[in-house]
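# Predicted model follows, preceded by the sequence.
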Amino acid sequence: MIGTLVVARRELSGLFMAPFTWIVLLVVLFINGLLFSSFIYQTQGNVTASLSESMTGPSFWLWMIFLPALLSMRLVAEESRSGTLEYLLTAPVSDAAVVVGKFLAATGFLALLWSSTLIYAATLDYAGGPPDWSAVIGTWFGTILVSGLFVSIGMLASTLTSTPLLAAFLSMVSCLMWLAIPFLASSVMAYLVPLLTSTAAEQAALVERMGSVVASMDALRHFSRSFQMGVLDTAEIIFFLTWISFFLFLTARSIEARRWRG
Amino acid sequence: MIEVAHLTRRYGSLLAVDDLSFEVGRGEVVGFLGPNGAGKTTTIRILAGYLAATKAERLVVAGHDVQRDSMGVRRSIGYLPESVPLYPELRVEEMMRFQGRLHRMERQVMRRRIPEVLERVGVQDRGKQLVGTLSRGLKQRVGLAVALLPDPEVLVLDEPTSGLDPIQRGEVRDLIHSLADDRTVLLSSHILAEVESVAPRVIILHEGRKVADGKPAELAASLGGGGHVAVEVMGAASAEDMATLIGSLPGVDSVATGERVGIHQSFQVRGEGDLREDIGALAMTQTWALRELSWQRPTLEQLFTRLVTGRGLEDLDGPASSGAAAAPSPLLEAEPVDPPAAAPVLAAGLELSSGPAESSAPPLGTPGNASSKIIYSLNPFDRGASRDLSKPVSVDAPPEAVSGEPDPSDGDGDGESAS
């Protein structure tokens, strides 16, 4: 536990000492600010809708594909390349502590980035346009979970290669695929289901089952179903936490595999 | 402190470490030696817990089993990989604090220990500098400081001097020397002089196997049969003659005729004990001008090459040609003849081309300097300071017999072709 925090702390301080981080912060905050003010205009001053749009709209998902990938690519791949991974993996901390520590740092950074919307909300509240605070905080909490999920995917990609850029690319593609699962699944199902079934009843049953499988991986829907409403549904939290733990587990295994591969 | 028994490590089909066993006692300094790819780094990484062993009967470091209690091992060793991994964006002190935190050191202990360790490695004034801006040598020191911070019982250093300039290398070597007093140190290197100077005991690895283990001097003695006497003389007799003469000394096992550089002929004499005095006395009686008479211990490098390539030491020293039995008859001729020539030599300069030498040399195929009637002076003040000592001084005009060329280089050329 202490090891996790030590690693997370170093990772965060390392992040904030790199110019890369500040440039990302500057660019993202600037563009988000512009977008937010345009949302305010579009919704004619509906504060809650604008905040929700800036944390759940297409711009958010676009950031979500790039930023976790860019952050997580350096977590393992870059350390592996510079040799510091050897230092970390021979230090008296477990692999799990290293993985979780790094994960917490990257997710924490994204949480900080998205907390900019909380500042917008607070500013508008002060200026006389009170937002629906429960929805805003719920959505913010949701963004952290989504960030965590994507960071964990990115970390797994980062352990698979020692080229940071390739890791980032892999992670972006995986995140994109993850988001596109429902669309991909429906097109695949439309083609496959008639081949596998004969009667209409069977067909309906199969579609339903596959639909439930797909739904269990549909991050977008899980995200919008609860957090956006300002409801903290434990089922949704568990959905994200489960997937995050799954990918972190794979990451830790992948790092352990290095000890065998050499 | 370190016990390794039957350690094997494979990378796929490549056998990196093959059934390696060794032990390092408390307070010992052991050097791992081997060419690149011998399995040094792999072994060290396994001991440090970075790599897993494919198979090992026993792997114990500082009382902890490497395979079962990796954390215990990691807590009690200071490991510095070859690449000296430090976070470039951190300052030296921050890097040290990170290491301290990873080792669960208390804040007060760290506050006391960090300046102490930095001073020990001689970078106390660099605490605020970014690690990324340090030079290679300083980085190496900081890396050592990081490894030393938790005061480990065992220090494992992988190629601690690679990539350093000779001065830095010496400094790091001294540093390791000073650290070795109270710790068990295992270090690796492919630079043999380095290991020789730091570690009283070396383990030589080749293709994953241990090929030698012991003190460098003992290894040299057991593998190379001690050293040899290097002799470089200038004499009237031919190389073969001289070799025969030297070979006839009591205790000499073999005489290898070495290169002929200019007018000087070198030999490598092997035998029981130090034969320098005997050879010196022989040179005196034969009126040979000695340029070198030294005791040569085989270097670890030669041993190493020998172990690795399987060639003999004699082969490595140079062309091996034992000239002891090459020309027995001129020996009898030369021996009684040469001493009389000593008298004029000792008086003024050294006359080499005495009558008998002239008569004996041509049949042996070394007519060059033997027949050119040149007087060499060994006294640099004899003929004024301006004399070029590297060139023989010709006093008499060369006889017509030598193809009309008085140039001493002619003699040199002949000499070389003869040897």
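Alright, I've got the coordinates.
# Give me every residue in chain A lying close to chain B.
By C-beta under 8 Å from any C-beta of the partner chain, the residues of chain A that approach chain B are A:2-3, A:6-7, A:9-10, A:13-14, A:17-18, A:82-87, A:89-94, A:259-262. Backbone N, C-alpha and C define where each C-beta goes, glycine included.
# In helices, which of those fall?
With helices taken from DSSP state H, the overlap with those comprises A:2-3, A:6-7, A:9-10, A:13-14, A:17, A:82, A:84-87, A:89, A:259-261.
# Please pick the buried ones from these.
A:3, A:6-7, A:10, A:13-14, A:17, A:82, A:84-87, A:89, A:259 (16 or more other C-beta atoms under 10 Å in any protein chain shown).
# Assumed residue B:257 was part of a helix.
No: read with DSSP: H, G, I helix; E, B strand; the rest coil, residue B:257 is strand and lies in no helix.
# Tell me the predicted confidence for it.
On the pLDDT scale, residue B:257 is placed at 86.
# Okay, it and chain A: tell me how far apart.
50 Å (C-beta to the nearest C-beta, to the nearest Å).
# is that residue in a bridge, and if so with what?
residue B:267 (DSSP bridges).
# shouldn't residue B:15 be in contact with residue B:208?
Yes: using C-beta atoms under 8 Å, residue B:15 is in contact with residue B:208, at 5.6 Å.
# who has more neighbours, the two?
residue B:208 (23 against 16; other C-beta atoms under 10 Å in any protein chain shown).
# which residues sit in contact with that one?
Residue B:208 makes contact with B:9, B:15, B:16, B:17, B:18, B:20, B:38, B:39, B:42, according to C-beta atoms under 8 Å, 6 or more residues apart in numbering or on different chains.
# so what's in contact with residue B:15 and residue B:208 at the same time?
With C-beta under 8 Å, 6+ apart, residue B:15 and residue B:208 have common neighbours residue B:9.
# how about stretch A:195-213: buried residues?
So stretch A:195-213, judged by 16+ other C-beta under 10 Å, has buried residues residue A:210.
# Identify the residues contacting it?
By C-beta under 8 Å, 6+ apart, stretch A:195-213 touches A:185, A:189, A:193, A:194.
# If any of those residues are buried, put those into a ChimeraX selection.
Buried subset of these, written as a ChimeraX selection, criterion 16+ other C-beta under 10 Å:
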select /A:185,189
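# Take the contacts of stretch A:195-213 and keep only those in strands.
Counting by DSSP state E, no part of the contacts of stretch A:195-213 is found in strands.
# export the contacts of stretch A:195-213 to JSON lines and tack on pLDDT?
Shown next, in JSON lines, are the contacts of stretch A:195-213 (pLDDT from 0 to 100):
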{"residue": "A:185", "pLDDT": "81"}
{"residue": "A:189", "pLDDT": "79"}
{"residue": "A:193", "pLDDT": "77"}
{"residue": "A:194", "pLDDT": "77"}
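# Specify which member of the contacts of stretch A:195-213 is nearest to chain B.
Nearest to chain B, judged by C-beta to the nearest C-beta, of the contacts of stretch A:195-213 is residue A:185 at 37.8 Å.
# Got phi/psi on the residue nearest to the closest one when sequence neighbours are not counted?
In this structure, residue A:185 finds its nearest non-sequential neighbour in residue A:214, 4.2 Å apart by C-beta to C-beta, 6 or more residues apart in numbering or on different chains. The phi/psi pair for residue A:214 (degrees, to the nearest 10) reads phi -60, psi -40.
# Now do residue A:214, the pLDDT please.
In this prediction residue A:214 is given a pLDDT of 80.
# shouldn't it be in contact with residue A:178?
No: counting by C-beta under 8 Å, residue A:214 stays clear of residue A:178, with 11.6 Å between them.
# Mind listing what's buried along stretch B:80-87?
Within stretch B:80-87, judged by 16+ other C-beta under 10 Å, the buried ones are B:80, B:81, B:82, B:83, B:84, B:85, B:86, B:87.
# tell me the contacts of the residue in the stretch 51-200 of chain A that chain B sits nearest to?
Distances between the stretch 51-200 of chain A and chain B by C-beta to the nearest C-beta are smallest at residue A:83, namely 3.6 Å. Residues near residue A:83 by C-beta under 8 Å, 6+ apart: B:81, B:83, B:84, B:85.
# Intersect the residues you listed with the contacts of chain A.
Within these, those near chain A by C-beta under 8 Å from any C-beta are B:81, B:83, B:84, B:85.
# Surely the third one is in a strand?
No: note on residue B:84: no strand contains this position according to three-state DSSP, which reports coil.
# what's the closest non-adjacent residue to it?
Per C-beta to C-beta, 6+ apart, closest to residue B:84 is residue B:143, 4.0 Å.
# my guess is that neighbour meets residue B:87, correct?
No: the criterion here is C-beta under 8 Å, and residue B:143 misses it with residue B:87 at 11.6 Å.
# ok, back up a step: quick check, nearest of the contacts of residue A:83 to residue B:186?
Relative to residue B:186, the closest of the contacts of residue A:83 is residue B:81; by C-beta to C-beta it sits at 13.1 Å.
# my read: the closest one touches residue B:158, true?
Yes: between residue B:81 and residue B:158 there is a contact at 5.3 Å, judged by C-beta under 8 Å.
# what touches both of these two?
With C-beta under 8 Å, 6+ apart as the test, residue B:81 and residue B:158 both reach residue B:45.
# so which of the contacts of stretch A:195-213 comes closest to residue B:62?
residue A:185 (54.5 Å).
# what's the distance between that closest one and residue A:192?
Noted for residue A:185: a distance of 10 Å to residue A:192, by C-beta to C-beta, to the nearest Å.
# got it, and residue B:192?
67 Å.
# neighbour-wise, which of these two wins?
residue B:192 (20 against 13).
# Residue of the stretch 151-262 of chain A nearest chain B, please.
residue A:259 (4.4 Å).
# isn't that residue right next to residue B:51, touching?
Yes: Residue A:259 is within contact range of residue B:51, at 5.3 Å (criterion: C-beta under 8 Å).
# in chain A, which ranges drop under the pLDDT threshold?
A:262 (pLDDT under 70).
# Count the neighbours of residue 38 for me.
No chain specified, so I'll use chain A. Considering only other C-beta under 10 Å, residue A:38 is surrounded by 14 other residues.
# Oops, wrong one, chain B.
Neighbours around residue B:38, by other C-beta under 10 Å: 24.
# same deal with residue A:29?
For residue A:29, using other C-beta under 10 Å, the count is 13.
# Quick check: which element contains it?
helix A:19-42 (DSSP states H and E).
# angle of that helix against helix A:2-17?
80 degrees (axes from the mean of the first three to the mean of the last three C-alpha atoms, to 10 degrees).
# Buried ones in helix A:19-42, by neighbour count?
For helix A:19-42, the neighbour count (16+ other C-beta under 10 Å) marks A:21, A:24, A:25, A:28, A:32, A:35, A:36, A:39, A:40 as buried.
# now it, how far from the centre of its chain.
Centroid separation between helix A:19-42 and its chain, computed with C-alpha atoms, centre = their mean, to the nearest Å, is 18 Å.
# Distance of the residue of the stretch 251-400 of chain B found nearest chain A relative to residue B:33?
Proximity of the stretch 251-400 of chain B to chain A (C-beta to the nearest C-beta) peaks at residue B:308, 23.1 Å away. Distance, residue B:308 to residue B:33, by C-beta to C-beta: 10 Å.
# Then residue A:63?
54 Å.
# Next: residue B:58.
23 Å.
# Neighbour count for those two, which is higher?
residue B:33 (30 against 14).
# which residues touch that one?
B:40, B:188, B:189, B:190, B:192, B:195, B:202, B:203, B:204, B:205, B:300, B:304.
# For the second one, what is the enclosing helix or strand?
This means residue B:188. Going by DSSP H and E, residue B:188 is in strand B:184-189.
# Quick check: buried residues in that strand?
In strand B:184-189, counting by 16+ other C-beta under 10 Å, buried: B:184, B:185, B:186, B:187, B:188, B:189.
# The second one and residue B:155 touch, don't they?
Yes: the pair residue B:185 and residue B:155 qualifies as a contact (C-beta under 8 Å) at a distance of 4.7 Å.
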